[in-house]
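**Student:** here is a sequence together with a model predicted from it:
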Amino acid sequence: LPAFPNSQAARDVDEFDFVVVGSGAGGGPLACRLAKAGFNTLLIEAGGDANGNLNVSVPGYQAVVTQDPTLRWDIFVNHYKNQTQAKRDPKYVYETGHNEYHVGPSPPPGAKDLGILYPRGSMLGGSVNHNALIWITPHDRDFDTIAQLTGDNSWAASNMKKYLLKIYQWLPVMPTDPTILLRDLPLTRHLVAGAEAAGYSVPVLSPLARLGQLLLQSPNAPVPNRDFVEGYFQVPLTMKFGERQAVREYILRTVAEGHPLTVRTNTFVTKIKFDSSGPKPRATGVDYLQGEYLYKASPLHGTSSGTPGSVRAKREVIIAGGTFNTPQILKLSGIGPARELQRFGIPVIKNLPGVGTNMMDRYEVPVNVKHESDFSVLDGCTFDLKPHDLCLKQWQENPYIFAARGAYTSNGLATMMLQRSSFASTPDVDLSIFGGPLNFQGYFPGWHDFSVRDHKHFSWYSLKAHTRNRAGTVELRSSNPLDQPLINFNYFHEGTTAGGADRLDLGALVQAIRKSREALGDWANYPVLGGTPFVEENPGPSVQTDEQIGQFIKDVAWGHHAACTCPIGPDSDPMAVLDSDFRVKGVDGLRVVDASVFPDIPGVFIQSAIFMASEKAADVLIAEAKANA
Ligand SMILES: Cc1cc2nc3c(=O)[nH]c(=O)nc-3n(C[C@H](O)[C@H](O)[C@H](O)COP(=O)(O)OP(=O)(O)OC[C@H]3O[C@@H](n4cnc5c(N)ncnc54)[C@H](O)[C@@H]3O)c2cc1C
């Protein structure tokens, strides 16, 4: 793809049909569709274009990229308000100096409490560029419930499927090349054991053929009862021939093809502007600051506060800043709980108490084991973009055929169990358990370097889908748009507890840990594949009873699919923020399209649901604009 193509002349225009703020999973596809339909569209992105940055393109760098200071925002959040519980997490971070941190217990005197690191991407393509590439399509129920809640049947799963087909016009999806696994049979032994734990019979003397068959199974295949079926599957990735491809590339192609899409990177929106002269306030544009790394969450934030500017939207403004930033932008612009806005001296445009509430996320937990020997598939992989990174050289110099391009063509997670726990809130599967050769224990500064410090670890990760906790909040910390907001997830007992919700979610995760251990136990059945013994480091052999496992989960669980802070809902719900056409209630000319729109956290992995919402929003906006032409 060419270097980022918009000219200075394009940057100087100050009025567009649509202004979209944020170029991630929500904003990116929408802006492309609007431009392809002929509307003069401006896409504003706080981050840079990441052009030529291999951290983005190499799937094996899916964790390295989250450490790239040019691409990341370090958001710090609270899992618990109770600081005794919060600080039981070995990932709890204290600030000891500028960009200097202490992680875990016994901080030095004077260290400032920060909380838990929540990685976010700030660049063209948003957090999609630094996610793990995993593509699992939503469950029908995710959309059917929005249709039931709002009475808008265009949200019914049967209608939403067409947006998936639209996405596949621009999004390549491929699993890890299974021939890579043949290069490391001791690693493959874990994946075979995972298949047995998932309920398959795998011949102990010739397990590979059976694993090969299972790797042909896509969790997205439109089979009957797909959402309910437990099993063992390949992990589909948003990539083409071993190279990450997603929203960023779609945006670049849309511009290169000559559609009227202008992209302003390094442009941070501070406020939505309104015309309040009519009966209803109408969004007319946005104010911004132009400059690199302006948000204080950027590790490269310095003294610059950017060059102010503003732009007008003839038709509409669409906010797609993500679960944390969209409520922040709305509140700073006067849309949100009146009392909170008044506390910061922000004039209230519309009192919408639901903005920044209802935040949901998944819980994720690990079981980490350490072997005596290295996994050979990682030989030569230093994960650091340096000339000595032989796996990078292999990735750069070889074609994508029979594993020739090597380990970096994968995100390291080739297989996944989908299971339904006894505590699931719906008939859908609610546990995704996937394994790989790394020592990932959640997010903290330097988490990736820690995860691959040696090549001896294997881990199973469990991700709880359809969680019940909706008690998370995003509140203003100050009226300065460059300050990150105050984010409280209110995990487990501090969150939604009605009907034992917290205990049910915890129970599902206890089962997930036991299932991971079952897979580790089944490893012993396949000595034919070789490998050295291992010891369990986390939770560790002393953690055995449900109560002990439950406490381990409460102490270490993390999330990375935060959502639902500007929920769609009916007018009868005072906490609903958007109508079913993504309109911000009570004002005209303003919509939200990103992870924050969902009333309930969708599916197992979230990006597919956001892409689908983005395609739907494009349909809605284009149809309305054409009707009003
Ligand atoms: C480490 C990690 C791994 C993940 N792995 C997966 C995975 O494998 N599969 C999956 O399905 N999901 C995954 N996710 C989640 C998924 O990537 C996100 O949920 C998704 O990208 C959110 O989309 P969004 O549009 O809401 O926000 P984002 O994609 O974060 O996009 C928001 C954009 O808005 C910009 N922005 C914000 N505020 C402003 C402002 N004021 N002015 C201008 N621009 C602004 C930001 O810079 C950003 O680029 C992962 C997330 C993380 C953090």
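**Tutor:** Good, I have the coordinates. Numbering: from 1, shown residues only.

**Student:** in contact with the residue of the chain found nearest the ligand, which residues are there?
**Tutor:** Closest residue of the chain to the ligand, C-beta to the nearest ligand atom: Gly24 (2.1 Å). C-beta: built from backbone N, CA, C; applies to glycine. For Gly24, the contact set (C-beta atoms under 8 Å, 6 or more residues apart in numbering) comprises Gly121, Gly125, Gly126, Ser127, Val128, Val247, Ala320, Gly322, Asp594, Ile610.

**Student:** so of these, which ones are in strands?
**Tutor:** Of the positions in the contacts of Gly24, Gly121 sit in strands, assigned by DSSP state E.

**Student:** so which of the contacts of Gly24 reach the ligand?
**Tutor:** Gly121, Gly126, Ser127, Val128, Ala320, Gly322, Asp594, Ile610 (C-beta under 6 Å from any ligand atom).

**Student:** got JSON lines for the residues you listed, with pLDDT too?
**Tutor:** Below are the ones next to the ligand among the contacts of Gly24 laid out as JSON lines (pLDDT from 0 to 100):
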{"residue": "Gly121", "pLDDT": "97"}
{"residue": "Gly126", "pLDDT": "98"}
{"residue": "Ser127", "pLDDT": "98"}
{"residue": "Val128", "pLDDT": "98"}
{"residue": "Ala320", "pLDDT": "99"}
{"residue": "Gly322", "pLDDT": "98"}
{"residue": "Asp594", "pLDDT": "98"}
{"residue": "Ile610", "pLDDT": "98"}
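
**Student:** among those residues, which lie within helices?
**Tutor:** Gly322, Ile610 (DSSP state H).

**Student:** could I get the ones next to the ligand among the contacts of Gly24 as a markdown table with neighbour count?
**Tutor:** Shown next, in a markdown table, are those (neighbours: other C-beta atoms under 10 Å):
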| residue | neighbour count |
| --- | --- |
| Gly121 | 24 |
| Gly126 | 31 |
| Ser127 | 27 |
| Val128 | 26 |
| Ala320 | 33 |
| Gly322 | 28 |
| Asp594 | 32 |
| Ile610 | 33 |
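
**Student:** of the ones next to the ligand among the contacts of Gly24, closest to Ala501?
**Tutor:** Proximity of these to Ala501 (C-beta to C-beta) peaks at Ile610, which lies at 24.4 Å.

**Student:** state the pLDDT value of the closest residue in space to that closest one that isn't next to it in sequence.
**Tutor:** Spatial nearest neighbour of Ile610, chain neighbours left out: Ala25 (3.9 Å); criterion: C-beta to C-beta, 6 or more residues apart in numbering. Here the pLDDT value assigned to Ala25 is 98.

**Student:** where does the residue of the chain closest to the ligand fall, secondary structure wise?
**Tutor:** Using DSSP states H and E, Gly24 is not contained in any helix or strand.

**Student:** kindly report the same for Lys314.
**Tutor:** Here Lys314 is assigned to strand 307-319, by DSSP H and E.

**Student:** next: Val286.
**Tutor:** strand 282-290.

**Student:** the inter-axis angle of that strand versus strand 307-319?
**Tutor:** 140 degrees (axes from the mean of the first three to the mean of the last three C-alpha atoms, to 10 degrees).

**Student:** what residues are up against the residue nearest to Ile610?
**Tutor:** Gly126, Ser127, Val128, Val247, Asp594, Ala595, Gln607, Ile610, Phe611, Ser614.

**Student:** if we use 6 Å, what do you get?
**Tutor:** Val128, Gln607, Ile610, Phe611 (C-beta atoms under 6 Å, 6 or more residues apart in numbering).

**Student:** ok, the last one touching Tyr168?
**Tutor:** Going back to what we said before, that points to Phe611. No: if you go by C-beta atoms under 6 Å, Phe611 and Tyr168 don't touch, sitting 10.1 Å apart.

**Student:** those two - which one has more neighbours?
**Tutor:** Remark: of Phe611 and Tyr168, Phe611 carries more neighbours, 29 against 10, as counted by other C-beta atoms under 10 Å.

**Student:** for Leu590, see how far away that one is.
**Tutor:** Counting by C-beta to C-beta, to the nearest Å, the gap from Phe611 to Leu590 is 22 Å.

**Student:** now swap in Trp460 and tell me
**Tutor:** Taking C-beta to C-beta, one finds Trp460 at 44 Å from Leu590.

**Student:** can you give me the strands in the stretch 501-629 of the chain?
**Tutor:** Assigned by DSSP state E, counting those that start in this stretch, the strands in the stretch 501-629 of the chain fall at 534-538, 590-592.

**Student:** what's the end-to-end length of stretch 218-225?
**Tutor:** Using C-alpha to C-alpha, to the nearest Å, the end-to-end distance of stretch 218-225 comes out at 14 Å.

**Student:** and that stretch, what's buried?
**Tutor:** Using 16 or more other C-beta atoms under 10 Å as the test for burial, stretch 218-225 gives Ser218, Pro219, Asn220.

**Student:** was I right about the last one contacting Trp135?
**Tutor:** In other words, Asn220. No: using C-beta under 6 Å, Asn220 makes no contact with Trp135, being 7.3 Å away.

**Student:** which non-adjacent residue is nearest Pro186?
**Tutor:** Nearest to Pro186 is Gly531, by C-beta to C-beta, 6+ apart, at 2.9 Å.
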